[in-house]
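In: pasting the sequence and the predicted model now:
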Protein chains: 2
Amino acid sequence: MSGKSSCLVTKMSHYVTLSNKDRERLARLEKAERNFDAGQEVYQGGDENKDLYVVKHGWAYSYTDLPDGRRQIVKIHHPGDIIGFPDVALKHATTTLCTVEDVCLCPFPKSSLDAILRKSPRLSALLLSIALRDQVVLIDVLRAMGRMSAQERVAYMLLDLISRLRITNRDMTDTFRLPMTQGQIADYLGLTNVYISKTFIRMEEGGYIHRQQDRLRILKEDAMIELTDFHDRYADMDTSWFPQD
Amino acid sequence: MSGKSSCLVTKMSHYVTLSNKDRERLARLEKAERNFDAGQEVYQGGDENKDLYVVKHGWAYSYTDLPDGRRQIVKIHHPGDIIGFPDVALKHATTTLCTVEDVCLCPFPKSSLDAILRKSPRLSALLLSIALRDQVVLIDVLRAMGRMSAQERVAYMLLDLISRLRITNRDMTDTFRLPMTQGQIADYLGLTNVYISKTFIRMEEGGYIHRQQDRLRILKEDAMIELTDFHDRYADMDTSWFPQD
DNA sequence: ACCCGGCTTTCAACTGGATTGAATCGGCAT
DNA sequence: ATGCCGATTCAATCCAGTTGAAAGCCGGGT
């Protein structure tokens, strides 16, 4: 099991070149593995949070409920993502983690993070940067939810997804697998499953996208970028100030 | 000018006890001062971002525009807050900073942050925690925007504001000054000024709040907490794992 | 005291998206 | 194949919140 096969290392290396030692440190986080079936809940909001997870394969999402059952999905997780990072600051998990499909997760304790923070200044800077970058991404989502129409929100979501998938999958062009149900997409975008359906149909009629099973093709990426004033935050990171290891 | 008068030190000390050295390090960030009139723009989205700001007094907010003029306020800043932290990860500022009223800001360069990260593990941990905690707070806002009614959103906002103000102002009970216009509140909550007006009136009629000039009194805090399923993330922080300095 | 400009409130018409319920599709297990 | 369950689609209706404009209010400046 060399570092080469680690999604986490692949993803982190996208931002900055890492020493072999740091690559090993990261790869070690993916030692343990647990498999989950589609639609399974891994942990719940309010639980004491002691573990983080690296996604090895499959999609998952974090969500919160309102007491009356309304639901908001707050983050969609892909291979290479670290799940639960924001909760490190708090005593209890704030969201519930649920799988979209069959998923393999690598749990590791919060304390492993400590070790990295103490030992590797370069990785610490990277982790802090990722936390801050994720704040910016959340702000972008907030803007979409607050001020965009249904069609703009869907376009924004698709652009965000494909940008993130391109990080680990360099040769991906305009087509990707979207395993989420329309109900889940609705819960992410603050809409309803019915209206997501209608919006997808309209976007397909408008020639923006093409769907075939769960594969989605983006036909007018530039138009969608313009429509949503989309910025790829994953490409604009400033790593110039990082300490050398 | 001792550390005692620094809003930043007051705010940071709320979470964790700091050594004198660390208090000095923080207080030093507030050495320079710049004053701004009400409604003034301090910097704009897209600008190269080299400075951060500590708020000394007055309220300000960060916002983004859509190309067609729709506007989303993404963060409201109070005394003691660090402005621009999320943008540290990126090459360009993502939001525009605007004052609500007459404001005094203390600018300091990104590089001062570097120095702190290298010298003080305890402050580094605190900064990382604050970044992560702010992510959780953003997620809470996202939930409000995605799934809550107008009245719930306003209630949520008021609870969030008073919780934050209580950090630096321990003896505050149920009344605070709300200097923002209803138009600004609308841009924060993804609504319109007209509907904010209507909602405030309804909440006053319902006995939830009382307004008098720009002072706002929360009458049924418990009911509002229940209504919005509000969690005070500023009180729930886990600082137990921080390294001693 | 007065005017001016920005903020809040009110009003009426309108609409984007929600809701409901039913029909259809599709995958999987038997 | 068959039957079942969840996901998707379709159509009709409804409503929370928008839009635009007008009127009231309040504070600051001269």
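Out: Right, received. Where do you want to start?
In: count of neighbours near the closest residue to A:T95 other than its chain neighbours?
Out: Distance criterion Cβ to Cβ, 6 or more residues apart in numbering or on different chains; nearest residue to A:T95, sequence neighbours excluded, is A:S62 at 3.9 Å. Where you see a C-beta, it was placed from the backbone N, CA and C, and this is true even at glycine. Neighbours of A:S62 under the rule other Cβ atoms under 10 Å in any protein chain shown: 24.
In: thought A:S62 was touching A:R71?
Out: No - with contact defined as Cβ atoms under 8 Å, A:S62 does not reach A:R71; the gap is 11.3 Å.
In: sketch out the helices for chain A, chain order is fine.
Out: A:7-13, A:20-28, A:110-119, A:121-147, A:150-168, A:182-189, A:193-205, A:221-228 (DSSP state H).
In: who are the packing partners of the fourth one?
Out: Of the remaining helices and strands, those touching helix A:121-147 by 3 or more Cβ pairs under 8 Å, 6 or more residues apart in numbering or on different chains; DSSP states H and E are helix A:20-28, helix A:110-119, helix A:150-168, strand B:71-77, helix B:110-119, helix B:121-147.
In: give me that answer again for 7 Å
Out: For helix A:121-147, the packing partners by 3 or more Cβ pairs under 7 Å, 6 or more residues apart in numbering or on different chains; DSSP states H and E come out as helix A:20-28, helix A:110-119, helix A:150-168, strand B:71-77, helix B:121-147.
In: please name the nearest non-neighbouring residue to the most centrally placed residue in chain A.
Out: For chain A, the residue nearest the mean C-alpha position is A:H77 (3.7 Å; Cα atoms, centre = their mean). In space, and not counting its chain neighbours, A:H77 is closest to A:A60: 4.5 Å by Cβ to Cβ, 6+ apart.
In: please give me every residue in contact with that neighbour.
Out: A:77, A:83, A:97-100, A:103 (Cβ atoms under 7 Å, 6 or more residues apart in numbering or on different chains).
In: can you give me the buried ones in the one helix or strand in chain A whose mean pLDDT sits lowest?
Out: One helix or strand of chain A scores below all others by mean pLDDT, DSSP states H and E: helix A:110-119, with a mean of 85. Within helix A:110-119, the residues that qualify as buried are A:110, A:113, A:116-117, counting by 16 or more other Cβ atoms under 10 Å in any protein chain shown.
In: quick one: pLDDT of the residue lying closest to A:Q244 once chain neighbours are set aside?
Out: Residue nearest to A:Q244 in three dimensions, not counting chain neighbours: A:R122, with 6.8 Å by Cβ to Cβ, 6+ apart. The model reports A:R122 with a pLDDT of 88.
In: hmm, A:P243 and A:R122 touching each other?
Out: Yes - with contact defined as Cβ atoms under 7 Å, A:R122 reaches A:P243; the gap is 5.7 Å.
In: ok, back up a step: let me have the contacts of A:A60 in JSON lines, extended by pLDDT and distance to B:Y15.
Out: Converted to JSON lines, the contacts of A:A60 look like this (pLDDT from 0 to 100; distance: Cβ to Cβ, whole Å):
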{"residue": "A:H77", "pLDDT": "96", "distance to B:Y15": "28"}
{"residue": "A:I83", "pLDDT": "97", "distance to B:Y15": "25"}
{"residue": "A:L97", "pLDDT": "95", "distance to B:Y15": "26"}
{"residue": "A:C98", "pLDDT": "94", "distance to B:Y15": "31"}
{"residue": "A:T99", "pLDDT": "94", "distance to B:Y15": "34"}
{"residue": "A:V100", "pLDDT": "94", "distance to B:Y15": "36"}
{"residue": "A:V103", "pLDDT": "93", "distance to B:Y15": "35"}
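In: from A:K91, how far off is the residue in chain A sticking out farthest from the centre?
Out: The C-alpha centroid of chain A is most remote from A:E205, which lies 28.5 Å away (Cα atoms, centre = their mean). Taking Cβ to Cβ, to the nearest Å as the measure, A:E205 falls 49 Å from A:K91.
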